[in-house]
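Q: A structural model of the following input is requested.
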Amino acid sequence: MIQRREAIVDAVSGVTRDRHYGKSDWNGKEFSLIDTGGYVVGSDDVFEKEIDKQVLLAVDEADAILFMVDAVTGVTGMDEEVARMLRKVDKPIFLVVNKVDNAARLEDAVEFYSLGLGEYYPVSSINGSGTGELLDALVPVLPERPPREEALPRFAVVGRPNAGKSSFINALIGEERYIVTDIAGTTRDSIDTRYNRFGFEFNLVDTAGIRRKSKVKEDLEFYSVMRSVRAIEHSDVCLILVDATRGFDGQVQNIFWLAQRNHKGIVILVNKWDLVEKETGSVKEYTRMIKEATSPFTDIPIVFISALNKQRIFKAIETAVTVYENRSRRIPTRKLNDLMLPIIEKYPPPAIKGKYVKIKFCTQLPTPFPQFAFFCNLPQYVKDPYKRFLENKLREQFDFTGVPMDIFMRKK
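A: The predicted model follows:
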């Protein structure tokens, strides 16, 4: 569904021990998908007990649930247990019968009516058959996002557990919290709180972790990921907090790429910088390490802070406001063409099979984040490296620091 091969696939049960999440869209509606580990009742495996907690948490958080069963093994006792649990849940539930890749299996799938969850959707994950019908049914039940009422920047503070998110927010807004209004977000947990600090007005997308500590004990890592997904979706700029003592590790990178795929502005804040043994060039070295991990998207502001000592907190918010302005920057079409066409003429796309690509015109699309369309005679021959070249030239000419950008080639 996310059109990439990300989760580990194996015939042995219990392989998905961590969570995989991705972004997808269907008929113009975007949504996030979270793949949990399989639910196992009464197992002695320590991992499986943790996974069961995650499944229950995911069911609690989700807007709709896809219950995946296997056409080859048929209805199992475990399926009946999960169905019993899901029948108590007051949310749209889609029974998805996987591995239906021939007519005989399609007939066998009828037995899944016995689970009492109504209509089922036969699919084959390997070749994608049946997923269209499933998505057609799924998309209408997802909640609509309410229209934005005001153009205040929305900042989300995300990062792995214990990176210092709460300390950063307390340092930012003061212990007693400068709350002007509480606008409840679309989800149960995301609340927009308006703040006026350092002469900037902004909304902080305050996710569950800061409000409801009781839940977090259940499964820290998983809950933090669920919250990060929610926070990222509801924000304009993500302040990604990195624990300087742990480095820019896998989980932080996941959060970074999720923000990038959602086309959000990004500021990386390296927290706990006061605890790191520093030498000349420490900052340069750390910056290089982060940019290596985020390549090819390296035009990102990195601010070294200490939430505890309130070091460079103002700089962090100032940078976030700049990134917010960059994200909504509009370039007049004439100015864009005057700057870009001479560059394209000097460095045209490479010819393929003796055919030359001629780019005649470019414009910025009317989207909430920077997207540019270049009109040419043979758009199919323009490959990713040349698109990256165009992106780099745009970044050199205009300030799009911290903002992901899309380049489209269109037929003239």
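Q: So this protein: which segments form each domain?
A: Domain assignment of the chain by the TED database yields the ranges 20-141, 154-328, 333-411.
Q: Just the endpoints, please. Distance across the second one?
A: In terms of Cα to Cα, to the nearest Å, the two terminal residues of domain 154-328 are separated by 13 Å.
Q: quick one: average pLDDT of that domain?
A: Averaged across domain 154-328, pLDDT comes to 77.
Q: From the chain's centroid, how far away is that domain?
A: Between the centre of domain 154-328 and the centre of its chain there are 14 Å (Cα atoms, centre = their mean, to the nearest Å).
Q: start at 51 instead
A: Understood, numbering begins at 51; the last thing we discussed is domain 204-378.
Q: returning to what we had before: which of the domains of the chain sits most buried?
A: For the domains of the chain, the largest average neighbour count (mean count of other Cβ atoms under 10 Å) is found in domain 204-378, namely a mean of 18. Where C-beta positions appear, they are placed from N, C-alpha and C, glycine not excepted.
Q: Could you look up the SS state of the residue most central in space within the chain?
A: For the chain, the residue nearest the mean C-alpha position is Leu308 (2.8 Å; Cα atoms, centre = their mean). For Leu308, the assignment made with DSSP: H, G, I helix; E, B strand; the rest coil gives helix.
Q: ok, the closest residue to it other than its chain neighbours - contacts?
A: Distance criterion Cβ to Cβ, 6 or more residues apart in numbering; nearest residue to Leu308, sequence neighbours excluded, is Ile282 at 5.7 Å. Neighbour list for Ile282: Ala206, Val208, Cys288, Ile305, Leu308, Ala309, Asn312, Lys314 [criterion: Cβ atoms under 8 Å, 6 or more residues apart in numbering].
Q: again, but for Ser285
A: Ser285 makes contact with Arg204, Phe205, Ala206, Val255, Lys314 under the criterion Cβ under 8 Å, 6+ apart.
Q: So which residues of the stretch 301-450 of the chain form helices?
A: Here the stretch 301-450 of the chain has its helices, by DSSP state H, counting those that start in this stretch, at 332-344, 363-377, 383-396, 434-447.
Q: Dump the ones you listed into TSV; add distance to Ile115 as well.
A: Listed next are the helices of the stretch 301-450 of the chain as TSV, based on distance: least, Cβ to Cβ, whole Å:
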stretch	distance to Ile115
helix 332-344	33
helix 363-377	33
helix 383-396	45
helix 434-447	36
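Q: among those helices, which is nearest Asn220?
A: Closest to Asn220 of the helices of the stretch 301-450 of the chain, according to Cβ to Cβ: helix 363-377, at 10.3 Å.
Q: residues in contact with that closest one?
A: Outside of helix 363-377, the residues within contact range by Cβ under 8 Å, 6+ apart are 203, 205, 218, 221-222, 247-248, 250, 252, 286-287, 289, 314-317, 319, 351, 353, 355, 357, 418-420, 449-453.
Q: Ser378 against Thr417, yeah?
A: No. Ser378 lies out of contact with Thr417 (Cβ atoms under 8 Å); the separation is 10.3 Å.
Q: Tell me how far the residue with the largest distance to the centre of the chain lies from Phe424.
A: The C-alpha centroid of the chain is most remote from Gly404, which lies 40.4 Å away (Cα atoms, centre = their mean). From Gly404 across to Phe424, the span is 21 Å (Cβ to Cβ, to the nearest Å).
Q: in which helix or strand would I find Asn246?
A: strand 241-247 (DSSP states H and E).
Q: same question but for Val119, I mixed them up
A: Per DSSP H and E, Val119 falls inside strand 115-120.
Q: Show me the strands paired with that strand, marking each as parallel or antiparallel.
A: Strand 115-120 sits in its sheet next to strand 143-148 (parallel), going by DSSP bridges.
Q: quick one: average confidence on the partner strand?
A: 92.
Q: which outside residues touch the next helix or strand after it?
A: Sequence order places helix 153-158 as the next helix or strand after strand 143-148, per DSSP H and E. The contact list for helix 153-158 (Cβ under 8 Å, 6+ apart) reads Ala121, Val122, Gly124, Lys149, Val150, Pro172.
Q: ok so, going back, so which of the helices of the stretch 301-450 of the chain is nearest Phe298?
A: That would be helix 332-344 among the helices of the stretch 301-450 of the chain, by Cβ to Cβ, at 4.9 Å.
Q: Output that closest one as CSV, nothing but the C-alphas.
A: Taking Å, rounded to 0.1, in the frame of the first residue of the first chain, the C-alpha atoms of helix 332-344 are listed here in CSV:
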residue,chain,number,x,y,z
SER,A,332,32.9,18.8,17.3
VAL,A,333,29.9,20.7,15.8
LYS,A,334,31.3,20.3,12.3
GLU,A,335,31.8,16.6,12.7
TYR,A,336,28.3,16.1,14.2
THR,A,337,26.7,18.1,11.4
ARG,A,338,28.5,16.1,8.8
MET,A,339,27.3,12.8,10.4
ILE,A,340,23.7,14.0,10.4
LYS,A,341,23.8,15.3,6.8
GLU,A,342,25.3,11.9,5.7
ALA,A,343,22.3,10.1,7.2
THR,A,344,19.8,12.6,5.6
